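In: I would like the atomic coordinates for the input below:
(one chain, ligands or ions: 1)
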Amino acid sequence: MAQREGAALGFGEEAVGRVAIIATELSTNILKHAGRGEILIRPFADAEGHGLEILAVDNGPGMSDVARCLSDGYTTVGTRGTGLGAVRRLAHRFGVFSRPGQGTAILARCLDGQSNAATAVVGAVRAVCPGETISGDDFRVHHMPGATRILLADGSGHGPFAAHAAEEALRIFAAAPEDPPEIVVGRIHRGLASTRGAAIGLAEIEEGAGVVRFVGVGNIAGALYDLGGAKKLVSLSGTAGHLSPPIREFLYPFSPPATLVLHSDGIGTRWDLGAYPGLLGAHPALAAGILYRDFRRGRDDATVVTVRVGAK
Ligand SMILES: [Mn+2]
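Out: Purely as a prediction, here's the structure:
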């Protein structure tokens, strides 16, 4: 899958070979140390560039000494011990979050050489409901000068009709992504009338002003973390396309660096990134992977998007 996704991004033979080795080493590492886990693969485009992201998550014993596990030659199970050191060398971006008792999440990103004007780093996991082949959740990130917008749509239920509603929401957003958030969400509400409907959350992070604007209809949950702590975002109950409360924007001030988390209801709400010491300072893709790993409900599509702004 990693090879196929890399080739779809236009990676050459050498880069495709690199992602194959990374996926193999991360899979082998899970099998050796945790027994089971997941490899999550997606294309990404953010302040780090464009390319392929490979995320490995498991609930195994975790590493008590990450630096030592990364050094070549070190292994607890009698093999060559080149695995994670090789992944770190081959990836353009590499990150680990692992604690004894809190499992392991490892991130490897390979860039395709394109650049963009994005200022935020975005992590995401989008997982399909067990038994379905298409996700009824979808999201789109739009980078603007000094601001980042994220639309997360969760089509009601799951399967193809849910996917259609989410796709319509993204299409309407993409047509005029810089209109005021309340206008965009109102337009999506009207545009989804002939679909099954969706929960919608649209967030804008304005870095210079230090403010997040959020407009939500239905069950999209969110939280904003900065050095001062965590704030939960307010989403009004309803279903875009069918039953909407008055569409209203809420403002949340922050001081950078800050991390915004948005997720669909395939992820439970009883989480706190503060329970994972050091995770907020790590790559935001690791937080997305860990929330998915530890809080997915398993009977619905599950999507988590994490956005970090203001980090050096
Ligand atoms: Mn859902």
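In: Sticking with V185, tell me its helix or strand.
Out: Using DSSP states H and E, V185 sits in helix 181-191.
In: so how far is that helix off the chain centroid?
Out: Put simply, helix 181-191 sits 24 Å off its chain's centre (Cα atoms, centre = their mean, to the nearest Å).
In: Tell me which residues are up against it.
Out: The contact list for helix 181-191 (Cβ atoms under 8 Å, 6 or more residues apart in numbering) reads 149, 151, 153, 168-169, 172-173, 176-177, 179, 198, 200, 202, 204, 213-215, 217, 240-241, 244, 247-249. Just so you know, the C-beta spots here come from the backbone N, C-alpha and C atoms, and that holds for glycine as well.
In: Just those: which are in strands?
Out: Among those, DSSP state E puts 149, 151, 153, 198, 200, 202, 204, 213-215, 217 in strands.
In: Columns distance to G10 on top of the residues you listed, output as JSON lines?
Out: JSON lines is the format used below for those (distance: Cβ to Cβ, whole Å):
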{"residue": "R149", "distance to G10": "26"}
{"residue": "L151", "distance to G10": "26"}
{"residue": "A153", "distance to G10": "27"}
{"residue": "A198", "distance to G10": "32"}
{"residue": "I200", "distance to G10": "32"}
{"residue": "L202", "distance to G10": "30"}
{"residue": "E204", "distance to G10": "30"}
{"residue": "R213", "distance to G10": "35"}
{"residue": "F214", "distance to G10": "35"}
{"residue": "V215", "distance to G10": "35"}
{"residue": "V217", "distance to G10": "37"}
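In: ok, these vs the ion, which is closest?
Out: Nearest to the ion out of those is A198 (Cβ to the ion; 9.0 Å).
In: So what does T133 look like in phi/psi?
Out: Main-chain dihedrals, T133, degrees, to the nearest 10: phi -110, psi -10.
In: Let me know how buried it is, in neighbour terms.
Out: By the criterion of other Cβ atoms under 10 Å, T133 has 9 neighbours.
In: returning to that earlier point: the ones in strands among the contacts of helix 181-191: which ones sit near the ion?
Out: Contacts with the ion are made by none of these, judged by Cβ under 5 Å from the ion.
In: do you know how far V185 is from the ion?
Out: Per Cβ to the ion, to the nearest Å, V185 is found 18 Å from the ion.
In: per-residue confidence for that residue?
Out: We note a pLDDT of 97 for V185 in this prediction.
In: Just give the closest residue to it, not the sequence neighbours.
Out: V215 (4.6 Å; Cβ to Cβ, 6 or more residues apart in numbering).
In: Does the one you found touch P245 like I think?
Out: No: using Cβ atoms under 8 Å, V215 makes no contact with P245, being 10.9 Å away.
In: who has more neighbours, those two?
Out: Neighbours were counted for V215 and for P245 using other Cβ under 10 Å; V215 has more, 27 against 12.
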